[in-house]
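> Turn this into a model:
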Amino acid sequence: MNTSQQTCPAPVTLIPVTGLPELRRGDDLVALLAAALGPDSPAPAADGDVLCVSAKIVSKCRGLVVEPSRKAEAIRAATVRPVLRRRHGSVVTSVVETTSGPVLAAAGIDASNSPDGLLLLPEDPDAEARALRHGLERRLGLRLAVVLTDTASRIWRTGVTDIALGAAGLEVLQDLRGGTDAVGRPLGVTVRALADELAGAADLVKGKSTGTPVAIVRHLGDRVGRRESSARELVRTGPDDWFRRPSLESVWQALGLAGDAEPVAAMSPEPDDERIARAIAVACTPRAGDAAAPAGETGAEGPRVERAADGAMLVIAASARPEACLRAGELAERLRTALGAESIARELGGVEVRVQIPPVPDVLVPDVPAPEEEPR
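Got it, this is the predicted structure:
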């Protein structure tokens, strides 16, 4: 057959699924979705459809709701590791790697469209997607895929989009390596995050403001049921994570700060004086392995930091003793590193750090008598 006469594939279609009630703990989500997708419904499902379902309605049916006063406790329980904290006014937002897989602000805990409290994410979104898929296929007699979605921001990009938290019946990553582009050049690195693309597309016809938590993506039948894969394949953590911690937190960690001792930077740009003060605090925070104070010195008599008249930062040793000078030099290097971290995102202006050693007191220079001459 002449290629110019070949039938083009049907365009991908997005269909909002309406008619779902306000969901509560204990509701049978499979039964409610099957009714909303049945042959007599406004949006009947078809063989090969991909059903994009907001994770929030799964959480509602599972009763994954907590009181707002328990938000901090809930975030800790859902955290595998902290990534960063940022301050916006009086509110501090924690970004963490979650037990469900992705790295999310506030562990994905959200109050939108949840009149009964804060909604937690399902602990195993892939398992929830599989359960929905199998239940709907049995009831409807169709071949389906399910993508469990939630809203997230992305590194280096402004704004949010829906991503795939869980998936079943779908090839979540479409590996195009080994193929060619439109002009015949080989593709060597292209792996499409298909499940994320479907989640983002489906959000165009559903969303928080419309009260439509489910949408159908149609005409992707060649991708449905080809390989059983999970949304965890989309999560890049561990040694493959190039951005495990942002620049500030990476430097603080390298300087030996414990997680609970790390300061909280603001989301918006901060004045230079605030950034310098934070660098001083980071440098002066005690940590394991610090050099011991010289005998006779208390913690208050250790090195201190002051601002010189020319704007330089002076690290003033507590005394001229070698041990005190060592501690001052160590603090100066920490301060230079912390100031360098503050300059990564926005230049701080090259603040100079100098070490100042007090004069050597006379009592530290004992008089040495001249040697006596031997008699001849």
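
> Once you drop chain neighbours, what's closest to Gly166?
Nearest non-adjacent residue to Gly166, counting by C-beta to C-beta, 6 or more residues apart in numbering: Pro125, 2.9 Å away. No exception for glycine: its C-beta is placed from N, CA and C like everyone else's.

> how near is the one you found to Leu37?
20 Å (C-beta to C-beta, to the nearest Å).

> Ok, Val91 next?
Separation of Val91 from Leu37 (C-beta to C-beta): 39 Å.

> Now stretch 56-69: buried residues?
Lys56, Ile57, Val58, Ser59, Lys60, Cys61, Arg62, Leu64, Val65, Val66 (16 or more other C-beta atoms under 10 Å).

> Neighbour count for Val91 and Leu37, which is higher?
Leu37 (25 against 8; other C-beta atoms under 10 Å).

> I figured that one hits Gly135, correct?
No - if you go by C-beta atoms under 8 Å, Leu37 and Gly135 don't touch, sitting 11.5 Å apart.

> got the contact list for the closest residue to Leu64 other than its chain neighbours?
Nearest residue to Leu64, sequence neighbours excluded (C-beta to C-beta, 6+ apart): Leu120, at 4.1 Å. By C-beta atoms under 8 Å, 6 or more residues apart in numbering, the residues touching Leu120 are Ser59, Leu64, Val65, Val66, Ala74, Ala78, Ala107, Gly108, Ile109.

> ok now do the last one, which residues does it touch?
It stands for Ile109. Val66, Lys71, Ala74, Ile75, Ala78, Leu118, Leu119, Leu120, Leu121.

> Next up, the contacts around Ala318.
Pro294, Glu297, Glu301, Gly302, Pro303, Arg304, Ala324, Arg327, Ala328, Pro358.

> what are the phi and psi values for the residue nearest to Leu64?
phi -90, psi 150 (degrees, to the nearest 10).

> Can you tell me which helix or strand of this structure has the lowest average pLDDT?
One helix or strand of the chain scores below all others by mean pLDDT, DSSP states H and E: strand 173-175, with a mean of 80.

> residues of that strand that come out buried?
Within strand 173-175, the residues that count as buried by 16+ other C-beta under 10 Å are Leu173.

> who does that strand touch, helix- and strand-wise?
strand 191-193, helix 194-202 (3 or more C-beta pairs under 8 Å, 6 or more residues apart in numbering; DSSP states H and E).

> what packs against the longest one?
Using 3+ C-beta pairs under 8 Å, 6+ apart as the contact criterion, the secondary-structure elements in contact with helix 194-202 are strand 50-54, strand 145-154, strand 157-168, strand 173-175, strand 214-218.
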